[in-house]
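Chemist: Sequence and computational prediction follow.
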Amino acid sequence: MMEFLDMGGYAAFVWPAYAITFAVIAANIIWARRLLRQAQASARRRLAARGEQP
Amino acid sequence: MSAGSAPSVLGLPASLETPAAAVSAWAAARLALQRDLTLAFRKPAQLLQPLAFFALVTMLFPLAISPELSQLRLVAPGAIWAAALLASLLALEFLFRDDAQDGTLEQYALSGQSLTTLLFAKTTAHWLLTGLPLACMAPIAALSLGAPAPALGAITAAVVLGSVTLSLVGSIGAGLTLNIKRSSALLSLLTLPLSLPVLIFGARATQVAIAGGPVLAPLELLAALAVLGVTLAPLAAAAAVRISLE
Amino acid sequence: MKFTWFHRLGSPPYVYALAERLTPWFAWSAALLILAGLYGGLVLAPPDYQQGDGFRIIYVHAPSAWMSLMVYTSMALAAAVGLIWRIKVAHAAAAACAPVGASFTVAALVTGSLWGQPMWGTYWQWDPRLTSELVLLFLYLGYMGLRAGIEDTQRADRASAVLAVVGIINVPVIHYSVTWWNSLHQAPTVMRLAKSAMPPSMLVPLLMMLLGFTLFFGAVLLVRLRAEILTRERTSQWIREALGA
């Protein structure tokens, strides 16, 4: 296990590279979902406002 | 719009006021070019600004690096091209702006003439007023940075060819940012990445010229870029201006 | 008749519903492929005979670099479709692409420089690939800057579409000139793994990662596309139905 984490001495480069890439992936997921939730919320608000005034 | 008032607004001879079919695209382009040159020569002080800027940036290098010509000779290609790129960028913001504000561009778009041709004429005027003078300044700048006299011809040729592409690429960026306030930073962000091939081939041509090598290959690449630019850039610039005018 | 599917792709309600249905398929297959690729790349693949375990950065660097270019191409294609056929959904898709592509370009740059340190002995080398990647980042930033600078959505769509098309025509020219410039100044770099020399145990995880990242882009794009469509559409009837409100 330690051997695996050590990456043949390249741990200081391999793991940060993986960390950055997966941080970018996670950020994309969170960001996209937040955008969708915000858009849905504002669309609902718009619909509700329109519903009130016939 | 009455036929009588338009010429004074446009500053054009009355011949352009005849129906579009009567004026060939070529004649219209020539008139647009003439108009831009006439307007520019009314303010000669402004014409000198890009040149002064170019000279100033070139002067920064000896002051920042070393007055020794042997060292300057190494950075001369980079210094000349970076300065040329920045100087041509400086004038771009106003390539279409004044004409968009006073409605000239709208008139061009509605004139029935090809907007592509008219904007190409405007870009040509821009090149004649900035690119060509820069090309005339470049050998002087090169001399001051330690380039040998035999290299000057090739350096001038490189700047002539390269600045054509710079003006054309810039016309696209200027068209796209027409409606944006304080757009100069955005304009550089749009234009500079697209100008990198010119910088690379131009600096290479200059480098080879200073070393006394065969400069034909990089010059041909610069010419190829210019041809590509002349073919495609006016179309994109016209599309960009049309969108900005909508 | 043949082109009905194409016309339906221009209709926001249809695309919204389609995107909603397709997202889980893209997301889960991407997750599976990336996990399998990770296992294959980090555990199963043997160390490279020259670069040891350092070569394993390729399993995140190459997919990120691939994403940066693939997303830019998709963006330009969507922009061109929007420009030519005036399809609003295509413009929305192009707008949704840019931030995703830019983020993976950053990932490609960072992983590339992390790979450079052990292989070249320096974090940054003006290697043609890294340089092109940097230029690509500026193209993305310019695209997003232009979009942010124009307030009217339709005009922003069309102006940025022109920029994307101009950009994609320039990408090969820039890449070629950067490669040419680099070949004059230094010897070929170590980072270029010989393709034929790559055994299947190394190659298969790489292909899985590439496909997984591509599907991941699909999933993110579909979610962002829905958000874009909701923001742009003003007619409420189908939105009411789509939201179940």
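Modeler: Perfect, I can see it now.
Chemist: Quick one: mean pLDDT over the helix or strand containing A:Glu3.
Modeler: Using DSSP states H and E, A:Glu3 falls within helix A:2-6. For helix A:2-6, mean pLDDT is 78.
Chemist: for stretch C:127-134, same thing?
Modeler: On average, stretch C:127-134 scores 86.
Chemist: Mind giving me the packing neighbours of the next helix or strand after the helix holding A:Glu3?
Modeler: Later in the chain than helix A:2-6, the nearest helix or strand by DSSP H and E is helix A:11-52. Contacts defined by 3 or more C-beta pairs under 8 Å, 6 or more residues apart in numbering or on different chains; DSSP states H and E place helix A:11-52 against helix C:58-85, helix C:88-120, helix C:200-232, helix C:236-243. Glycine gets a C-beta too; all of them are placed from N, C-alpha and C.
Chemist: Quick check: which of those helices is nearest to B:Ile155?
Modeler: Closest approach to B:Ile155 among these (C-beta to C-beta): helix C:88-120, 33.4 Å.
Chemist: And the helix or strand just after the closest one, what's buried?
Modeler: Sequence-wise, the next helix or strand downstream of helix C:88-120 (DSSP H and E) is helix C:128-149. Residues of helix C:128-149 classed as buried: C:128-147, C:149 (neighbour count, 16 or more other C-beta atoms under 10 Å in any protein chain shown).
Chemist: and if you look at stretch B:170-190?
Modeler: Buried, per 16+ other C-beta under 10 Å, within stretch B:170-190: B:170-180, B:183, B:186-190.
Chemist: wait, what's in contact with the residue nearest the centre of chain B?
Modeler: Closest to where the C-alpha atoms of chain B average out (C-alpha atoms, centre = their mean) is B:Ser167, at 2.9 Å. Remark: with contacts taken as C-beta atoms under 8 Å, 6 or more residues apart in numbering or on different chains, B:Ser167 is in contact with B:Ser88, B:Thr123, B:Thr124, B:His126, B:Trp127, B:Thr130, B:Gly131.
Chemist: cutoff 7 Å now
Modeler: Listed by C-beta atoms under 7 Å, 6 or more residues apart in numbering or on different chains, the contact set of B:Ser167 reads B:Ser88, B:Thr123, B:His126, B:Trp127, B:Gly131.
Chemist: From what I see, the first one and B:Leu166 are in contact.
Modeler: The reference is to B:Ser88. Yes: the pair B:Ser88 / B:Leu166 is scored as a contact, 4.5 Å apart, by C-beta atoms under 7 Å.
Chemist: quick one, which of these two is more surrounded?
Modeler: Between B:Ser88 and B:Leu166, counting by other C-beta atoms under 10 Å in any protein chain shown, B:Leu166 is the more crowded of the two (32 against 27).
Chemist: check which helix or strand covers that one.
Modeler: Using DSSP H and E, B:Leu166 falls in helix B:152-176.
Chemist: Which pLDDT value belongs to A:Gln53?
Modeler: pLDDT, A:Gln53: 54.
Chemist: will you turn the contacts of B:Ser167 into CSV that also has secondary structure?
Modeler: Formatted as CSV, those follow (DSSP: H, G, I helix; E, B strand; the rest coil):
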residue, secondary structure
B:Ser88, helix
B:Thr123, helix
B:His126, helix
B:Trp127, helix
B:Gly131, helix
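Chemist: so which of these would you say is closest to B:Ala29?
Modeler: Nearest member of those to B:Ala29, counting by C-beta to C-beta, is B:Thr123, at 10.6 Å.
Chemist: What is the neighbour count of the closest one?
Modeler: Around B:Thr123 there are 29 residues (other C-beta under 10 Å).
Chemist: how about low-confidence regions in chain C?
Modeler: Scanning chain C for pLDDT under 70 picks out the ranges C:1-3, C:185-197, C:245.
Chemist: can you list the residues of it near chain B?
Modeler: Residues of chain C lying close to chain B (C-beta under 7 Å from any C-beta of the partner chain) are C:135, C:138-139, C:141-142, C:145-146, C:149-150, C:155, C:158-159, C:162-163, C:166, C:169-170, C:173-174, C:177, C:181, C:184.
Chemist: mind running it again at 6 Å?
Modeler: Those residues of chain C that sit near chain B, judged by C-beta under 6 Å from any C-beta of the partner chain, are C:135, C:138-139, C:142, C:145, C:149, C:158-159, C:162-163, C:166, C:170, C:173-174, C:177, C:181.
Chemist: just curious, which of the contacts of B:Ser167 is nearest to chain A?
Modeler: Checking the contacts of B:Ser167 against chain A with C-beta to the nearest C-beta, the nearest one is B:Ser88 at 36.0 Å.
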